[in-house]
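[1] Mind looking at a prediction? Sequence and model below.
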Amino acid sequence: MSTVAKPLRGVRIVSLALNVPGPAALMRLAQMGARCTKINPPDGDPMQHYTPDGYALLHKGVKHQTLDLKNAAGQAGLHKLLPQTDLLLTSFRPSALHKLGLGWKALHKQYPALSLIEVVGAPGALAEIPGHDLTYQAEVGLVNGMDLPPSLFADMGGALMASEAALKALMALKSTGQGSRHEVALSDAAAWLALPRQLHLTTPEGAVGGAHAGYRIYACKNGRVAVAALEPHFAARLCQAAGVALTHPVKDLFKPATRQAIEQFLAQQTRAQLDKLALAQDIPMMTLPR
C-alpha cells in the first residue's frame, strides 16, 4: 500500500476488537490510510501475551489507548472519542455490547454518522454461543483427523470480511450521511472458505483434491514438489517433460497411468533440477524440503 494512494486517508476508526480477527482487519484498514485507534482493557489484548511480535505487526501505525469499559471513567473516555469517529469495530457478544451501552440502537441515536462493525462468532441469535476459529473450521469440515489446521482460516477470512464491511459502511455514509451496522460472523467466513470443499473440488475425487495428476504433491529425489499444472497448456508441458503422450489434454490427466508416470519422473529429479525445469518450461511448481 505504500506505493499507491491511501483511499481511507482521513477516515477515523476506533477498535475494541481483541484477538486475531479485529486486529487483522484493523491492519488492512490502517494500510489503506485510515487513522486507527485501538482501545485495550487494563489487562491488554490476549494477543500481546501469546504473540507479542504478531500483535506489534497487526497494530503497526495504530494508536493505543487503555480504558476499562466496565467503569464509568473508561466509558466516558470512549465516548469522548466517538463523536470524531467514523467507524467502531468490536468483537464482543451482543449481550456484552448492550451492557456497555454500545448496542446499535443506542449508539446510532447518540452518533447518527457512526458505523458499527460487529465481529461475532456466528450470525444472529447464535452470536451468544462461545466459539473460536477451531470450532468454526470444524463445523464446516476443515479439520482433518487429530491435526490442528495449518492457519486461522476463519479468523483471517473474518478479518477480510470485516474490512469489506467497513468499506461498505463508509460508502453508505458518503451517500446517505448516516452510519450503518454490519455483522461479520466468523462461522460465515469459515463456510465461505470451505465452499470449494462443499463443491467437491478439494475432496479426493476433485480436480484440485488429488484426482488431477497435474495438481498434486509428489516426492522428488531430495524433497517434495507441489505441482499446480491444472490448465491444459501447463499440464501438457509437464507431461512432455515426463515423457507422457496425451490423447486428450484434460481427460488423460485423470487417468491413474498418467499420475504414475509423472510420479516416477519426479521421483528421479532433484529439487534443483525441478526448479530449473519449472523456470525453463513455464510450469507452476514449487519444490519443498522433506
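    Noted; the coordinates are in hand.
[2] Against A159, how distant is M32?
    13 Å (C-beta to C-beta, to the nearest Å). For glycine as for every other residue, the C-beta is placed from the backbone atoms N, C-alpha and C.
[3] Who has more neighbours out of the two?
    When neighbours are counted by other C-beta atoms under 10 Å, M32 and A159 differ, and A159 comes out ahead with 27 against 18.
[4] could you list every residue that touches L288?
    223-226, 271 (C-beta atoms under 8 Å, 6 or more residues apart in numbering).
[5] low-scoring stretches of this structure, by residue?
    For the chain, the stretches flagged by pLDDT under 70 are 1-4.
[6] can you give me the strands for it?
    12-15, 35-40, 63-66, 87-90, 115-120, 181-185, 215-220, 223-228, 285-288 (DSSP state E).
[7] Could you check how far the last one is from the centre of its chain?
    Translated: strand 285-288. Relative to the centre of its chain, strand 285-288 is centred 23 Å away, using C-alpha atoms, centre = their mean, to the nearest Å.
[8] Could you do stretch 209-227 as well?
    25 Å.
[9] Equivalent analysis for stretch 110-125, please.
    20 Å.
[10] start to end distance for it?
    25 Å (C-alpha to C-alpha, to the nearest Å).
[11] wait, isn't H64 in contact with T37?
    Yes - H64 lies in contact with T37 (C-beta atoms under 8 Å); the separation is 7.5 Å.
[12] which of those two has more neighbours?
    Per other C-beta under 10 Å, whichever of H64 and T37 has more neighbours is T37, with 17 against 12.
[13] A242 versus the nearest residue to G214 once chain neighbours are set aside, what's the distance?
    Distances taken as C-beta to C-beta, 6 or more residues apart in numbering place A229 nearest to G214, at 3.6 Å, with adjacent residues excluded. Applying C-beta to C-beta, the value for A229 to A242 is 10 Å.
[14] which one of the two has more residues nearby?
    Legend: neighbour count by other C-beta under 10 Å for A229 and A242, higher for A229 (25 against 17).
[15] distance of the more buried one from Q264?
    16 Å.
[16] Over to L26?
    Applying C-beta to C-beta to L26 and Q264 gives a distance of 50 Å.
[17] Looking only at neighbour counts, state which of the two leads.
    L26 (27 against 12).
[18] What number of residues are in the vicinity of the nearest residue to that one once chain neighbours are set aside?
    Closest residue in space to L26, ignoring its immediate chain neighbours: S15 at 4.9 Å, by C-beta to C-beta, 6+ apart. By the criterion of other C-beta under 10 Å, S15 has 27 neighbours.
[19] With the one 10 residues further on instead?
    Residues contacting A25 under the criterion other C-beta under 10 Å number 30.
[20] try G44
    13.
[21] so who does it touch?
    Taking C-beta under 8 Å, 6+ apart, one finds T66 in contact with G44.
[22] quick one: it from L67, how far?
    12 Å.
[23] Likewise for A245?
    From A245 to L67 the distance is 70 Å (C-beta to C-beta).
[24] Settle it for me: which of these two has more neighbours?
    L67 (19 against 9).
[25] picking up where we left off before, would you check that the residue nearest to L26 makes contact with M27?
    No - between S15 and M27 there is no contact, the gap being 10.3 Å when judged by C-beta under 8 Å.
[26] Need the overlap of contacts for these two.
    By C-beta under 8 Å, 6+ apart, the residues touching both S15 and M27 are V62.
[27] re earlier: now render the contacts of L288 as CSV, adding neighbour count and distance to A96.
    Formatted as CSV, the contacts of L288 follow (neighbours: other C-beta atoms under 10 Å; distance: C-beta to C-beta, whole Å):
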residue, neighbour count, distance to A96
G223, 13, 49
R224, 16, 46
V225, 21, 49
A226, 13, 43
R271, 18, 51
